[in-house]
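>>> I would like the atomic coordinates for the input below:
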Amino acid sequence: MSSVRVRYQTFEFGDTDIHLRTLRDDQQFQDAEHIAEDLGISSASWPHFGVVWESGEMLARLMHTLDIRGLKVLEVGCGIGLASIVLGVRHADITATDHHPEAEAYMDSNAVLNGIRPIPFVRTGWEDTDSRLGRFDVVIGSDLLYEALHVNLLADFILGHTNPRCQVTIIDPGRGLHGKFTRRMVEIGYTHDSTQRTDPDIPASYTGHIMRFSRVAGAQAPDVQGADCSTP
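Residues are numbered from 1 along each chain as shown. Predicted coordinates:
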């Protein structure tokens, strides 16, 4: 099988240029050793990690201005990792995760392109219990809620990897599950920022949802065992 085709792009964030090596488009595929297949990643979804989606670019724009002083940041489902690279260029304490077996190699090559140290990366799924990750002050992600089962998986994964005082920012392009996810996050003890839609870093033309949540030290989550998140 021939190698996948790639492209090189530059994204501007103020005076900062971020260079990325990505897949040429979302029609690429290479899984000769069936590693992705064994992880449940189909040929149709295989290339999704390797291109820059609009929501991922919006998340990166938020990360360009995030106050990162003294904070440990985790990107969930990083894909090609634009937001993580932006944070790496800013010398943030950033760790990236993704389920895709090729994500780390692209992250490493993009760190080299931008002249920064490799971004710490852990390949993991949301159902995995991975002690290597630890806990974080900030969790970020974009375009993660593809299926209804992702609502609980993602929320519980975040809960398991955040400090008692934390911030969460998830950007969703409007796949229809942001309401369920918001309710689940509130159920497990996070406060939802209801004023999140306006942000100077996000163009007014963007129609997706910017979901922000926070938790403060000492707050206790309610007993949510068996919570029903089935309503829209």
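
>>> Show me which parts of the helix or strand bottoming out on mean pLDDT in the chain are buried, residue by residue.
Of all helical and strand segments in the chain, the minimum by mean pLDDT, DSSP states H and E falls on helix 35-38, at a mean of 92. Burial within helix 35-38, assessed by neighbour count using 16 or more other Cβ atoms under 10 Å, is assigned to residue 36. Placement of C-beta: from N, CA and C, glycine included.

>>> Now the element after it, going C-ward?
Downstream of helix 35-38, the next assigned helix or strand under DSSP states H and E is helix 54-65.

>>> just how off-centre is that next one within its chain?
Relative to its chain's centre, helix 54-65 lies at 10 Å (Cα atoms, centre = their mean, to the nearest Å).

>>> And stretch 121-140, by the same measure?
Centre-to-centre, stretch 121-140 and its host chain are 11 Å apart (Cα atoms, centre = their mean).

>>> again, but for stretch 64-76
Distance of stretch 64-76 from its chain centroid, counting by Cα atoms, centre = their mean, is 12 Å.

>>> measure that stretch end to end?
One end of stretch 64-76 sits 17 Å from the other (Cα to Cα, to the nearest Å).

>>> what about the nearest residue to residue 134 once chain neighbours are set aside, neighbour count?
Among residues not flanking residue 134 along the chain, residue 161 sits closest, at 7.2 Å (Cβ to Cβ, 6 or more residues apart in numbering). Using other Cβ atoms under 10 Å, residue 161 has 19 other residues around it.

>>> Please apply the same query to residue 62.
Neighbours around residue 62, by other Cβ under 10 Å: 19.

>>> distance of it from residue 172?
Distance, residue 62 to residue 172, using Cβ to Cβ, to the nearest Å: 13 Å.

>>> can you give me the helices for the chain?
Along the chain, the segments classed as helices by DSSP state H run 35-38, 54-65, 82-89, 103-113, 149-160, 178-187.

>>> okay, the ones you listed in a markdown table with distance to residue 142 next?
Converted to a markdown table, the helices of the chain look like this (distance: least, Cβ to Cβ, whole Å):
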| stretch | distance to residue 142 |
| --- | --- |
| helix 35-38 | 21 |
| helix 54-65 | 4 |
| helix 82-89 | 7 |
| helix 103-113 | 14 |
| helix 149-160 | 12 |
| helix 178-187 | 12 |
